[in-house]
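>>> 3D, please:
(2 chains)
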Amino acid sequence: MLYREAGDFKTSYAADLQTFPIKLERYLFWAAMAVAFLVVPFFITDYVEKSLLVPLLVWAMIALGLNILTGYCGQVSLGTGGFMAVGAFACYKFMTAFPDLNIIFCILLSGLVTAGVGVLFGLPSLRIKGFYLAVATLAAQFFLVWFFNKFAWFYNYSASGQISAPERTIFGIAVTGPNAAPWATYLTCLTLVFVFAWVAKNLTRGRVGRSWMAMRDMDIAAEIMGVSPFRAKLSAFAVSSFYIGMGGAMFFSIYLGAAEVTEAFNIDKSFTALFIVIIGGLGSILGSFLGAAFIILFPVGLKILMVNQLGWPTDLAAHFQIMIVGGLIIFFLIVEPHGLAQLWRLAKEKLRLWPFPY
Amino acid sequence: MNPEFLYFIETVLNGLMAGVMYSLVALGFALIFKASGIFNFAQGVMALFAALTLVGLQTGQVPFAHLINAIFGTQIHHFGWELPAIIAIVGTLGVMVAFAYLFEGLVLKHLVNQEPIILFMATIGLAYFLEGFGDLMWGANIKAMDVGIPSGGSFWWEDVTRTWAPEDSGYFGMYIDKLDVVAAIVALVLVSALVAFSQYTKFGRALRAVADDHQAALSVGISLRTIWVVVWSIAGFVALVAGIMWGAKSGVQFSLSLIALKALPVLILGGFTSIPGAIVGGLIIGVGEKLAELYIGPLVGGAIENWFAYVVALVFLLFRPQGLFGERIIERV
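Residues are numbered from 1 along each chain as shown, chains lettered A, B, ... in the order given. Model prediction:
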């Protein structure tokens, strides 16, 4: 009754091609965006920013990248943590070497650097497939972390091996460093993620995206039809690493503020990213956000319940939390292997027919 | 002989021993992948869980003591008995079989015919679950494993090898850990037993049939579910052996589960589906790693053992994408 295309006539090609073809969905989307951009910044507190919204947005960015590679192009990657480290260290070097460079450009440039590294580590994908490739991408993870830990130039020879983000401003408002206001960091992340989610959505709808999906569905068939595996796979690695690099840069500069490579970018990060993508839904832009929301918000809620409400010791709560997260992942895979995005898709199908299903 | 050369031999020998330890873990991966096409990431955590259970049973710890104390405010920790190693091992084996049975019934059964990546993610979920569960059950502190395996350097071997070098060269003989020798023998026995099991028993034949073609095996009346329970039990047994060996070597703690990451390059090098591949791959990686540490490590500043194995495996894969002994990948449209 509420959600259907009846009476929603398209009279132009532009209307036919729009991202949200159904009117109500379009309104819902813009309403959500209006709340996110215009309402939330006025009410955001330090706690909400630091432990909920900013990590959610940063992880959504990273998940977008991994979703392009794994969900759209079908190349399983366990090297996400390593690529995040490339983004973070590139961002650090840009921030310290060019103090006048705007932080937004720093983040974009670190994305580009990561894209280059990603293509390099994507080269084996032309020859190796499936789980062999997944294990091969672990080489990137371990090598890159070792690399940034080993060569002191990357962390400007600091004694602790840590990198910490200096204060940088946009229009005179601090967005990195200890003096950044919650609303400023939130809005910066939100704007970046909004723009690049839009880019990703349209990339995957277009020619490049279709060549990725052809590669995912059956690479040999795609090759016979004239899709170049070389271009499709490497472009997927490049775009994916670009996103992950930007995500890593935001992770370090805006979210953490200071990072130590073996601690902040270890293999757990690769798994977290993969979890977000799988729980959210492979091959879905919305899924990247839903998955990030689930993986970030759920442990926080669990911790509040067990430590603050039940009064358990924190180490016990930590064991329980990891156990429940693991169990839930299995539960989700059994109930809905296509992720949260598929639930949303099914809900929409149901709503279209409601209240007169056939 | 030249001490320089003897030193080289010692490195190779130690590399071979280390390789056997990697193979022990890789073996569990290969078994499960062969029988069910599942890339079981939880193998390392299973080894940790088995080792924790073994130590817990042996020292008479109360399971979930921490949780019980937190909820009821009690102060219980130990039953106050000590079990002999062999009984504890049998008990742990029982736990691993029960685990295999439960996992098949609660998870695998529902995931039949899903894509490989979904199954892979499920095993990562399992790894997280078991890690939390093991810590919850037995506590997260580091435990010592003592099941009566000899350890420490072998003096006999040191004395023998000392005579190989000239008297005045100042050579002190080779160092070989007794534990590594035991591990090598155990691995040898284990592999022979597994090969014999799969070649000469009726059940082994059923196993190979399932590995070859699930549907064809089903159609001749082989129960897929029984096979899976058995395979996961065997993998649990292999995990227990690996857990004992690694636990005796470096203590039972969380880092034990990270040996899975050591076993992965072994696995892709040898080929996912091959049991001999797991052994040969392990030996190559073990020797390569030790030699690289000796000769390449100093050039780039050391600490390369984390990624060197992966790079070796990667280079191998570029020439043989299915690993050394893997089944040839034939693709059709």
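
>>> ok, now which ones touch B:F41?
Residues counted as contacts of B:F41 (C-beta atoms under 8 Å, 6 or more residues apart in numbering or on different chains) are B:F120, B:T123, B:I124, B:L126, B:A127, B:A260. Bear in mind the C-beta positions are built from the backbone N, C-alpha and C, glycine included.

>>> Please, a PyMOL command that selects the buried ones among those residues?
For the buried members of the contacts of B:F41, the matching PyMOL selection, counting by 16 or more other C-beta atoms under 10 Å in any protein chain shown, is:
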select buried, chain B and resi 120+123+124+126+127+260
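
>>> Among the contacts of B:F41, which lie within helices?
Counting by DSSP state H, the contacts of B:F41 place B:F120, B:T123, B:I124, B:L126, B:A127, B:A260 in helices.

>>> out of these, what pair is the most spread apart?
B:F120 and B:A260 (12.8 Å; C-beta to C-beta).

>>> how about the ones in helices among the contacts of B:F41 in TSV, adding distance to chain A and pLDDT?
Shown next, in TSV, are the ones in helices among the contacts of B:F41 (distance: C-beta to the nearest C-beta, whole Å; pLDDT from 0 to 100):
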residue	distance to chain A	pLDDT
B:F120	7	85
B:T123	9	89
B:I124	6	87
B:L126	6	91
B:A127	7	90
B:A260	11	80
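
>>> B:M174 belongs to a strand?
No - looking at B:M174 with DSSP: H, G, I helix; E, B strand; the rest coil, it is coil, so not inside a strand.

>>> I'd like to know how many residues surround it.
20 (other C-beta atoms under 10 Å in any protein chain shown).

>>> ditto for B:D177
Count around B:D177 with other C-beta under 10 Å applied: 17.

>>> Could you pull up phi and psi at it?
phi -80, psi 130 (degrees, to the nearest 10).

>>> residue contacts, it?
B:M17, B:S151, B:G152, B:G153, B:S154.

>>> repeat for A:G87
A:S110, A:G111, A:V113, A:T114, A:I244, A:G245, A:M246, A:G247, A:G248, A:A249, A:F251, A:F252.

>>> The fifth one: what's its closest spatial neighbour, skipping adjacent residues?
Which is A:I244. A:G65 (3.9 Å; C-beta to C-beta, 6 or more residues apart in numbering or on different chains).

>>> Quickly note the distance from A:G291 to chain B.
12 Å (C-beta to the nearest C-beta, to the nearest Å).

>>> Verify the contact between that residue and A:G280 for me.
Yes - taking C-beta atoms under 8 Å as the definition, A:G291 is a contact partner of A:G280 at 2.4 Å.

>>> Tell me the residues that contact both of the two, please.
By C-beta under 8 Å, 6+ apart, the residues touching both A:G291 and A:G280 are A:A63, A:G339, A:L340.

>>> So among those, where is pLDDT lowest?
Ranked by pLDDT, the shared contacts of A:G291 and A:G280 bottom out at A:G339, which has 85.

>>> Pull out the buried positions in stretch A:168-188.
A:R168, A:A174, A:V175, A:T176, A:A180, A:P182, A:W183, A:A184, A:T185, A:Y186, A:L187, A:T188.

>>> and the second one, what are its phi and psi?
Reported as degrees, to the nearest 10, the phi and psi values for A:A174 are phi -70, psi 130.

>>> quick one: it from A:T191, how far?
16 Å (C-beta to C-beta, to the nearest Å).

>>> Any residues of the stretch 151-300 of chain B in contact with chain A? List them.
B:L261, B:L264, B:P265, B:L267, B:I268, B:F272, B:V300 (C-beta under 8 Å from any C-beta of the partner chain).

>>> The last one against A:K150, yeah?
Yes - using C-beta under 8 Å, B:V300 is in contact with A:K150, at 7.4 Å.

>>> hmm, back to that, ok, the residue nearest to A:I244 - contacts?
Neighbours of A:G65 in contact, by C-beta under 8 Å, 6+ apart: A:T80, A:F83, A:V239, A:S240, A:S241, A:F242, A:Y243, A:I244, A:G245, A:M246, A:G247.

>>> from memory the fourth one sits against A:G118, does it?
Yes - with the criterion set as C-beta under 8 Å, A:S240 and A:G118 qualify as a contacting pair; they are 6.5 Å apart.

>>> returning to that earlier point: among the residues of the stretch 151-300 of chain B next to chain A, give me the pair with the biggest separation.
B:F272 and B:V300, at 30.3 Å, using C-beta to C-beta across these.

>>> And those two? Which one has more around it.
B:F272 (25 against 13).

>>> Doesn't the more buried one belong to a helix?
No - secondary structure assignment places B:F272 outside any helix; it is coil (three-state DSSP).

>>> so how far is A:Y255 from it?
37 Å.

>>> Equivalent analysis for B:A209, please.
Counting by C-beta to C-beta - B:A209 and A:Y255 are separated by 52 Å.

>>> Could you do A:G206 as well?
31 Å.

>>> More neighbours: these two, which one.
Of the pair A:G206 and A:Y255, A:Y255 is the one with more neighbours under other C-beta under 10 Å, namely 21 against 10.

>>> That one belongs to a helix?
Yes - the assignment for A:Y255 is a helix, going by three-state DSSP.

>>> For it, which residues are in contact?
Contacts of A:Y255 (C-beta under 8 Å, 6+ apart): A:V54, A:P55, A:V58, A:T185.

>>> right, and the pair among these with maximum separation?
Taking C-beta to C-beta, no two of these sit farther apart than A:P55 and A:T185, at 11.1 Å.

>>> can you give me the helices in chain B?
Counting by DSSP H, the helices of chain B are B:3-36, B:43-58, B:65-72, B:85-106, B:116-138, B:155-162, B:178-200, B:202-212, B:214-219, B:224-250, B:259-270, B:275-295, B:297-300, B:305-319.

>>> what about burial for the contacts of A:G87, which qualify?
Burial by neighbour count, 16+ other C-beta under 10 Å: within these this picks out A:S110, A:G111, A:V113, A:T114, A:I244, A:G245, A:M246, A:G247, A:G248, A:A249, A:F251, A:F252.

>>> Cross-check the contact I'm expecting between the first one and A:F251.
Same thing as A:S110. No - using C-beta under 8 Å, A:S110 makes no contact with A:F251, being 10.8 Å away.

>>> Quick check: closest non-adjacent residue to B:V182.
B:I149 (5.4 Å).

>>> quick one, phi psi at that neighbour?
Backbone geometry at B:I149, expressed as degrees, to the nearest 10, gives phi -90, psi 130.

>>> how far away is it from B:M245?
The gap separating B:I149 from B:M245 is 8 Å, by C-beta to C-beta.

>>> Of the two, give the one with the bigger neighbour count.
B:M245 (27 against 17).

>>> For that one, which non-adjacent residue is spatially closest?
B:A183 (4.6 Å).
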